[in-house]
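S.K.: give me the fold of what follows.
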Amino acid sequence: AIVTVTSYAKDQIAKYSGIEATKIVPLHIGPKSSITKNELETGIDHSLEQILQKKYILHVGTIEKRKNLTTLLAAFELLLQNNLQQLYLVVVGQKSNKPTLKDDTVFEMVATSNLLKEHVIFTGYLTDSQTAILYKHAALYVFPSVNEGFGIPILEAFAHKVPVLVAGNSCLPEVAGNAAICFDPYNADALSKLIVQTINNQALLQSLQQKGTERLTHFTWDKTVEALEALFERSIMHAKPQ
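M.R.: Sure thing, here's the model as predicted:
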C-alpha cells in the first residue's frame with residue numbers, strides 16, 4: 001500500500017503515477033504538536049506586540065505561487081477601498097527557495113499600492129510559539145491556496161478558535177468539512193465581500209469557532225497511529241503464505 005494524507009492526494013497520486021487507486025490509502029494526520037496552547041504559557045513575545053494591537057486576518061505558509069496570495073491581496077485591497085481600514089493582513093512565512101515556485105508578484109503588489117503597503121505585514125520566518133501567538137489573536141484565517149496536499153494551517157486555526165475561510169478546491173474542503181466557509185480562489189471581488197460579511201457577523205464567527213473545535217476532534221495523532229497499525233496488520237496478513 002501507499003499511504004497519503006487525504007483522498008485528494010490519493011486521487012492525484014493515482015492520476016499522475018498510474019498506480020491503482022485501491023493500493024493508495026488516505027490517512028488523515030493531526031495538528032502540529034509544537035503549535036498548541038501550551039506554547040503560549042511563556043507569555044507575549046515583545047517583537048509581536050505592535051501586530052497584536054491590531055485587528056488582523058492571518059495567513060501562514062511559504063510564499064509561493066500555489067498559495068495564491070495574489071488573489072488574497074487583491075481581495076484585501078478591495079476591502080480597504082471600501083473604508084474598512086481598521087483591518088490588517090498578516091502573512092507569516094518565508095519566500096520560497098524554489099525558483100519555479102517563488103512568487104515575487106506578492107511583494108510587488110504591496111510595494112505599488114499605498115493601501116496595501118500600510119495594511120499588509122510580512123513577518124518572514126517565525127518560530128512555532130510566535131506563530132501560535134498570532135493564531136490566538138487573529139480575527140480570521142483565510143486560506144486561498146490552489147494546490148495543497150493536506151492544509152495543516154486549517155487545524156492550527158481550529159486549535160486556536162480562529163474562524164476559517166478556505167478555497168473550495170484541492171484537499172481544503174475535505175479537511176475543513178463544515179467548519180469553514182469555502183470560496184472561489186479566482187474571484188477576488190467575491191472573496192472581499194465574503195471576508196467583510198464574515199468578520200462583521202458575530203454569530204457566524206462564533207458558529208465557525210464552535211464547528212472548528214468540534215472538527216478538530218476528528219484529527220488526532222492517536223487516530224492516525226491506530227489507522228496505520230491496522231493497515232500494517234492487514235498488509236502482514238495479506239503477505240502471509242496460505
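S.K.: so where's the protein uncertain?
M.R.: With pLDDT under 70 as the threshold, the chain has low-confidence stretches at 33-45, 242.
S.K.: contacting residues for the residue nearest the centre of the chain?
M.R.: Centre of the chain computed as the mean C-alpha position; nearest residue by C-alpha atoms, centre = their mean is residue 153, 3.5 Å away. Applying C-beta atoms under 8 Å, 6 or more residues apart in numbering, we find residue 153 in contact with 59-61, 141, 143. C-beta: built from backbone N, CA, C; applies to glycine.
S.K.: same question, residue 220
M.R.: Each residue near residue 220 by C-beta under 8 Å, 6+ apart is listed here: residue 30.
S.K.: which residue ranges form the strands in the chain?
M.R.: Counting by DSSP state E, the chain has strands at residues 2-4, 24-26, 55-60, 87-92, 120-124, 140-143, 164-167, 181-183.
S.K.: the inter-axis angle of the third one versus strand 120-124?
M.R.: Okay, so that is strand 55-60. 40 degrees (axes from the mean of the first three to the mean of the last three C-alpha atoms, to 10 degrees).
S.K.: which residues in this protein form helices?
M.R.: In order along the chain, the chain carries the following helices (DSSP state H): 7-17, 49-52, 69-81, 105-111, 114-119, 128-137, 152-159, 172-176, 188-199, 202-216, 221-239.
S.K.: what about those helices, which gets the closest to residue 28?
M.R.: Residue 28 lies closest, by C-beta to C-beta, to one member of these: helix 221-239, at 6.7 Å.
S.K.: just to revisit the earlier point, nearest to residue 232, of the strands of the chain?
M.R.: Where the strands of the chain are weighed against each other on C-beta to C-beta, the nearest is strand 2-4, at 10.0 Å.
S.K.: what pairs with the closest one, and is each one parallel or antiparallel?
M.R.: According to DSSP bridges, strand 2-4 has the following sheet partners: strand 24-26 (parallel).
S.K.: which other residues reach the partner strand?
M.R.: The set of residues that contact strand 24-26 without belonging to it, under C-beta under 8 Å, 6+ apart, is 1-7, 9-10, 13-14, 231.
S.K.: for the strands of the chain, which one ends up most surrounded?
M.R.: strand 164-167 (a mean of 27; mean count of other C-beta atoms under 10 Å).
S.K.: going by neighbour count, which of the contacts of strand 24-26 are buried?
M.R.: 4-6, 9-10, 13-14 (16 or more other C-beta atoms under 10 Å).
S.K.: what's the farthest-apart pair in these?
M.R.: By the measure C-beta to C-beta, 5 and 14 form the most distant pair in these, at 14.4 Å.
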